[in-house]
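*Asks:* Please find the sequence and the predicted model below.
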Amino acid sequence: MLETSVLIVGGGPVGMTLAIDLAWRGIDVIMLELRRAGEPPNVKCNQVSARSMEVFRRLGVSPKLRQAGLPADYSNDVVSATTVTGIELSRLSLPSRAARQAGAQAPDSWWPTPEPSYRINQTYFEPILYAHAALQPRIRILNRTAFEEFTQDEDGVVAQVRDLDSNERISIASKYLVGCDGSKSIVRKQIGGDFVGTPEIQRVQSTYIHAPALMGMLPGKPAWMYFSLNPRRCGTTISIDGKNNWNIHNFLYSGEPDYDSIDRDWAIRSILGVGPDFHYDVISKEDWMGRRLVSDTFSDRRVFICGDAAHLWIPAAGYGMNAGIADAANLSWQIAAVLHGWASPEILKAYVSERQPITDQASHLITDVARRVMKQRREVPAEVEEPGPAGDAVRARIGAEAHAIDVQQQCAAGLNFGYFYENSPIIAYDGEAHPDYKIHEFTSSTVPGCRLPHMWLSPGRSLYDALGTGYTLIRRDPSLSVAGLRDAAAQRGVPLAVLDVDPDEPQVQSLYGHKLLLVRPDQHVAWRGDVPPHAPLELIDLVRGAAHN
């Protein structure tokens, strides 16, 4: 029998993030993956969100990611057009990675983060995560290994897995098991979880093609993503390598119930705006279903689920995968805290009370935008391609509508930074309401449960870079004695660092209204005050999940 602290089922981006995060926190991990080592992933997610990049910055992965994907000088623009090779209707200008590094301005340049979103396809970023995970001595990856079932008791979990090459059945004992095994999750089913929501919103016929001639046929500056809007067939075309390979989504209508309802070749040519003589090769078919589903349970005692195993929605701007990465970052520090002995096992209830409602919120925000896009596609008038003043007027209207939607999807500041944990058992709330947020709008806040507002401590050094694996007490007034809180943390074995920030710094004055902020290991505010807590041991017990023990 193999033994480990945490067994992770599934080696996609979410499973690997969880494994790397746990290893960074000193926890041993075994990760199961059905594919062989080095076997490429499907062409799925095309963007790593800013919040995910903040996680990868902490784990030392973000610099590696930013060197891969599209060519350094390739534009990240998002274009709406009649067809990819047709009339441009609108353009959301987003700089290439080289231009962004050089300081180019963009609609998301104001974001308070050390790590802006990064547009890179999963075929490029997943191998980077895998290589990083494989280097970690605390991570053992079992490729070509299928999870079958588990049993658990008060001491741990025993899983039965199968080596797909030898057909050998192997037992693995762990303290905790986490299912990151996708939408058809065996782990979710075995803990009794059912998806709740809308099981079918739209079918998408998706095709990954090799088309070297397309780049030379583009009428303007090449873009990263194209939305084709015409009365024949609407779709999305994404540049995967900035050269020859493209992924094309053909969004089927309600009267087209099957993936093969529409001739695939005809749809591709209609979306691209090319004739029968245009040559391309199909690399793979990546058909998918747009849904809005959240599991009715995220855990059963020592077993948890993350990512697509826990929630599914239309992958607008890649936020399905990015929500899974947020799940992993939330669960990792809590499991590590229990295994290191300073948190009560009760702390793990916070994972469910925090992540389940947040992912449900996100599912509605994203689905609302997706439905607006679907409505626009269904109502494209024939005049959009007609020359003359009437056509110009239609194109101007369609373009303005498309641009407004594109800004919300591609510059989704609210989804990145606005969400907060409202009813957590390990957060000390003070009665102030959390600021509302929308998909593209939010207000930085220190209300407990919110993400700690970001600031730069010095050029290139983020406040987040100064936060460690435990709790951090940010102090604006160094004359305030926090000995009581330090002593309480030491008494319970809770890692607590004190970080003094310059009270005269304008950013500090504008962002942090309280003199003391207690920040969790995942950069969310756990408590705040202008004086040290009157009962520091009670506060420490609350944040470590032991308030009612």
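*Replies:* Received, thanks.

*Asks:* Nearest spatial neighbour of Ile209, chain-adjacent residues omitted?
*Replies:* Tyr280 (4.6 Å; C-beta to C-beta, 6 or more residues apart in numbering). Bear in mind the C-beta positions are built from the backbone N, C-alpha and C, glycine included.

*Asks:* Correction: the previous question concerned Asn230.
*Replies:* Counting by C-beta to C-beta, 6+ apart, Asn230 lies nearest to Thr82, which is 4.8 Å off, once chain neighbours are set aside.

*Asks:* these two touch, right, the one you found and Gly273?
*Replies:* Yes - counting by C-beta atoms under 8 Å, Thr82 does reach Gly273; the two are 7.0 Å apart.

*Asks:* what do those two both touch?
*Replies:* Common contacts of Thr82 and Gly273 (C-beta atoms under 8 Å, 6 or more residues apart in numbering): Ser228.

*Asks:* The residue nearest to Asn230: neighbour count?
*Replies:* Other residues within reach of Thr82, judged by other C-beta atoms under 10 Å, total 21.

*Asks:* Tell me, what's the model's pLDDT at the residue lying farthest from the centre of the chain?
*Replies:* Within the chain, the residue lying farthest from the chain centre (C-alpha atoms, centre = their mean) is Gly388, at 43.8 Å. With respect to pLDDT, Gly388 scores 94.

*Asks:* Repeat that for the one 5 residues further on.
*Replies:* Taken from the predicted model, the pLDDT recorded for Ala393 is 96.

*Asks:* Confirm it sits in a strand?
*Replies:* No - read with DSSP: H, G, I helix; E, B strand; the rest coil, Ala393 is helix and lies in no strand.

*Asks:* Tell me the spacing between it and Val61.
*Replies:* 48 Å (C-beta to C-beta, to the nearest Å).

*Asks:* Between these two, point out the one with more neighbours.
*Replies:* Remark: of Ala393 and Val61, Val61 carries more neighbours, 22 against 11, as counted by other C-beta under 10 Å.

*Asks:* so who does that one touch?
*Replies:* Applying C-beta under 8 Å, 6+ apart, we find Val61 in contact with 20, 128-129, 132.

*Asks:* out of the residues you listed, who's nearest His364?
*Replies:* Nearest to His364 among the contacts of Val61: Leu129, at 28.9 Å, using C-beta to C-beta.

*Asks:* quick one, helices of the stretch 201-350 of the chain?
*Replies:* Secondary structure of the stretch 201-350 of the chain (DSSP state H, counting those that start in this stretch): helices at 264-272, 319-339, 349-378.

*Asks:* Now distance to Cys180 too, for these, in a markdown table please.
*Replies:* Shown next, in a markdown table, are the helices of the stretch 201-350 of the chain (distance: least, C-beta to C-beta, whole Å):
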| stretch | distance to Cys180 |
| --- | --- |
| helix 264-272 | 31 |
| helix 319-339 | 7 |
| helix 349-378 | 13 |
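
*Asks:* Just name the most buried of those helices.
*Replies:* Among those, ranked by average contacts under mean count of other C-beta atoms under 10 Å, first place goes to helix 319-339 (a mean of 26).

*Asks:* Strands of the stretch 351-500 of the chain, start to end?
*Replies:* Secondary structure of the stretch 351-500 of the chain (DSSP state E, counting those that start in this stretch): strands at 456-458, 461-462, 471-475, 496-500.

*Asks:* Let's have these in TSV, adding distance to Ser445.
*Replies:* Output for the strands of the stretch 351-500 of the chain, formatted as TSV (distance: least, C-beta to C-beta, whole Å):
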stretch	distance to Ser445
strand 456-458	19
strand 461-462	18
strand 471-475	14
strand 496-500	19
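
*Asks:* so of these, which one's packed in deepest?
*Replies:* Note that of the strands of the stretch 351-500 of the chain, strand 471-475 is the most buried (mean count of other C-beta under 10 Å), with a mean of 22.

*Asks:* So what touches stretch 131-138?
*Replies:* By C-beta under 8 Å, 6+ apart, the list of residues contacting stretch 131-138 from outside reads 16, 19-20, 22-24, 26-29, 31, 37, 59-61, 64, 139, 141.

*Asks:* Next step: those restricted to strands.
*Replies:* Members of the contacts of stretch 131-138 lying in strands (criterion: DSSP state E): 29, 31, 139, 141.

*Asks:* which residues touch the last one?
*Replies:* Taking C-beta under 8 Å, 6+ apart, we find Ile141 in contact with 11, 30-31, 33, 37, 130, 133-134.

*Asks:* at 7 Å instead, please
*Replies:* Residues in contact with Ile141 (C-beta atoms under 7 Å, 6 or more residues apart in numbering) are 11, 31, 33, 133-134.

*Asks:* got a winner among the contacts of Val61 for most neighbours?
*Replies:* Neighbour-wise, the contacts of Val61 (other C-beta under 10 Å) top out at Ile20, 27 neighbours.

*Asks:* my guess is that one contacts Leu59, does it?
*Replies:* Yes - with contacts counted by C-beta atoms under 7 Å, Ile20 reaches Leu59, the gap being 5.3 Å.

*Asks:* max-length strand in the protein?
*Replies:* From DSSP E, the single longest strand across the chain is strand 195-210.

*Asks:* Next, the buried residues of that one.
*Replies:* 195, 197, 201-210 (16 or more other C-beta atoms under 10 Å).

*Asks:* remind me which residues of the chain are low pLDDT?
*Replies:* Applying pLDDT under 70 to the chain flags residues 317-318, 548-549.

*Asks:* again, only this time at 80
*Replies:* 254, 316-318, 548-549 (pLDDT under 80).

*Asks:* hang on, the earlier thing: in PyMOL, select just the buried ones from the contacts of Ile141.
*Replies:* To isolate the buried members of those in PyMOL, using 16+ other C-beta under 10 Å:
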select buried, resi 11+31+33+133
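
*Asks:* Of the contacts of stretch 131-138, which belong to helices?
*Replies:* 16, 19-20, 22-24, 64 (DSSP state H).

*Asks:* Let's have these in CSV, adding distance to Ser458.
*Replies:* Output for the ones in helices among the contacts of stretch 131-138, formatted as CSV (distance: C-beta to C-beta, whole Å):
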residue, distance to Ser458
Met16, 31
Ala19, 32
Ile20, 27
Leu22, 30
Ala23, 29
Trp24, 24
Lys64, 24
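
*Asks:* of these, closest to Asp502?
*Replies:* Once C-beta to C-beta is applied, the member of those that ends up nearest Asp502 is Trp24, at 28.7 Å.

*Asks:* Give me the distance between that closest one and Gln136.
*Replies:* Taking C-beta to C-beta, one finds Trp24 at 8 Å from Gln136.
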